[in-house]
Every structure is written in C-alpha cells, then in structure tokens.
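>>> using only what follows, build the 3D model:
(one chain, ligands or ions: 1)
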Amino acid sequence: MLSVHDFHAGYPSVPVVSGAELRVERGEIVSLFGHNGAGKSTLMKGVFGVLGDCRGEVRFNDAAVAGASTRSLMRRGMVLVPQERGVFPSLTVAENLRMGFWASGESARAEYDRRLARTLGYLPILDERKDDRAGELSGGQQQMVSIGRALLAGPKLLLLDEPSTGLAPNLVDDIMALVTRLREEEGLSVLLVEQNVGQALAVSDRVYLMKGGRIIHEATPDQLTWSRSLWDLF
Ligand SMILES: Nc1ncnc2c1ncn2[C@@H]1O[C@H](COP(=O)(O)OP(=O)(O)OP(=O)(O)O)[C@@H](O)[C@H]1O
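Below is the predicted model:
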C-alpha cells in the first residue's frame, strides 16, 4: 500500500528525516515510535506532501507519488490526521466533516450520505454534537472530529499522528479500539505515531523505531515487548 525508500524530509535549511525506509501493507497497522523531536511528524508530513523539501521514493498503491500534492494524495486515498488536529473551530461539526468529503474530490450526494452514516456509526458522539461549533467541543471530541473528517475523505491509508495527545487514558483505549475496527470493518491501512507505546503495541502488526531523523529498527510488537536490547537502542 505504502512504501518509502531513501526518503529525506525537513524544513527550509533544517534537514530532519534522513534516508527513511518503511512500508505499510494493505490492512496493516504499523506504528512509528521515537522520542520527541525524532522526526516522526516530519516523516508523515513529508510523505503526505505537506513539506517542500523532500526527496526519495514514495509509492502508494503501486504508483510513484513522491512530490505529489496533498490534494492528489487525498484523491488517491491517503489521509493525514495531524497531531494538531486542525479542526475549524468556528464551523459546526457537520461542516468540518463535509470539508473532508470535499477534499477527497468526490461530489456525489449518495456517496456523501454513505460515508457520513458510516462515520457517525463509528463516532456517535459526532452525531450528537453535529450542529455545535467544533471549537466548543472537548479535546477528545475535537480529536474525533479530526478523525471523522479524515473518514469522510474515504481513506485507504490513514496517517495518524499522535491521536491521543492530551487525552484521558480511557479515551486512548477508545481511539485504539476505533483504529482496530477501521482496519477490520473498512480494510483500512494505518501508519500510527503514538506516545502511548503499550496501547499502540497492542493493536500494531509491525513497529518502526525512529531516532535522530533515522528509522533505526523494524520489529514485531512481540520482539519489542520482550527484547531489552531493542529498548536500549533508544
Ligand atoms: N516548522 C518547522 N520548522 C523548522 N523545524 C521544525 C519544524 N517543525 C519541526 N521542526 C524540527 O524538526 C525536528 C523533528 O520534529 P518532529 O515534530 O518531526 O518530531 P516528532 O518525532 O514528531 O516529535 P513529537 O513527538 O514531539 O511530535 C525537531 O527538531 C523540530 O524542532
């Protein structure tokens, strides 16, 4: 579904990610772990076409997409849920969700209704709050808006950047359960950045460790759980 080879990304005159190699197979949940500043968000944003200064190979659904715009990647089915959530506070929840649909380039009303019904099925709180301004919602509910907006875009691959930032532990469990359901019921592939390592490991098929802008190791959750030497890499 996604393969990244010798990928470099950063900001004007600030190189961050160096020579990254990673892949996400269809239907896989893959986590990317690393300390603050390791470059996880930069890698995700680079792959998603948000940053200008990138080079290397990115293949998505068998097409070479390095350098493609975010807009074209969304139309192909890659969607980023950014760490900062990016909800539009003065718009209602329903309007925020609709933005995701429009960003996917779809315009058929029937498809909108179908995606909306499925999304509200996963996130019933958004149905209850659909006429409220997103800025009035709690942090956890705003995270649900951000994920819901991504689902309205009809993703095949979700890039989820620290979805549980600032959330209570029970909400972290809810988000991990949602990720698992989306994989099982929608066949979604997920690349997940998460600081709650234990909870992310429980839902992941594979894991990458990132340090100093480099991917330093690939492991299964089992290997990571039982190998002290892998943790020492950090
Ligand atoms: N807009 C920017 N301009 C310049 N440097 C940036 C910018 N955003 C991030 N950086 C730098 O890039 C490096 C990697 O940051 P990044 O956010 O990718 O790390 P991260 O692993 O996602 O960390 P965290 O877990 O804190 O989100 C850091 O040194 C950071 O200061």
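>>> need the nearest residue in space to D127, chain neighbours excluded.
L120 (4.4 Å; CB to CB, 6 or more residues apart in numbering). Quick note: C-beta positions are derived from backbone N, CA and C, even for glycine.
>>> could you point out the helix or strand that follows the helix or strand containing that neighbour?
Take DSSP states H and E as the rule and L120 turns out to sit in helix 109-122. Per DSSP H and E, helix 109-122 leads on to helix 124-128 as the next helix or strand towards the C-terminus.
>>> what's next to that following helix, contact-wise?
V93, L97, T119, L120, Q141, M144, V145, G148 (CB atoms under 8 Å, 6 or more residues apart in numbering).
>>> repeat that for stretch 91-100.
79, 87-88, 112, 116, 119, 126, 129-134, 137, 145, 148-153.
>>> ok, stretch 199-209 next?
22, 28-34, 164, 172-173, 176, 179-180, 192, 194, 215-221, 224-225, 230, 233-234.
>>> avg pLDDT for that stretch?
Across stretch 199-209, the average pLDDT comes to 94.
>>> residues of that stretch that come out buried?
Within stretch 199-209, the residues that count as buried by 16 or more other CB atoms under 10 Å are Q199, A200, L201, V203, S204, D205, R206, V207, Y208, L209.
>>> out of those residues, which sit inside strands?
Members of those lying in strands (criterion: DSSP state E): R206, V207, Y208, L209.
>>> buried only: go through the contacts of stretch 91-100 for me.
Buried by 16+ other CB under 10 Å: 79, 87, 112, 116, 119, 126, 129-130, 133-134, 137, 145, 148-153, out of the contacts of stretch 91-100.
>>> am I right that R59 is in contact with A68?
No: taking contacts as CB atoms under 8 Å, R59 lies outside contact range of A68: 11.0 Å.
>>> now the strands for the chain?
Using DSSP E, strands in the chain cover 2-11, 14-24, 29-33, 54-60, 63-64, 78-81, 157-161, 189-193, 206-211, 214-219.
>>> want to try JSON lines for those, with distance to the ligand as columns?
Shown next, in JSON lines, are these (distance: least, CB to the nearest ligand atom, whole Å):
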{"stretch": "strand 2-11", "distance to the ligand": "4"}
{"stretch": "strand 14-24", "distance to the ligand": "4"}
{"stretch": "strand 29-33", "distance to the ligand": "8"}
{"stretch": "strand 54-60", "distance to the ligand": "13"}
{"stretch": "strand 63-64", "distance to the ligand": "24"}
{"stretch": "strand 78-81", "distance to the ligand": "13"}
{"stretch": "strand 157-161", "distance to the ligand": "7"}
{"stretch": "strand 189-193", "distance to the ligand": "6"}
{"stretch": "strand 206-211", "distance to the ligand": "7"}
{"stretch": "strand 214-219", "distance to the ligand": "12"}
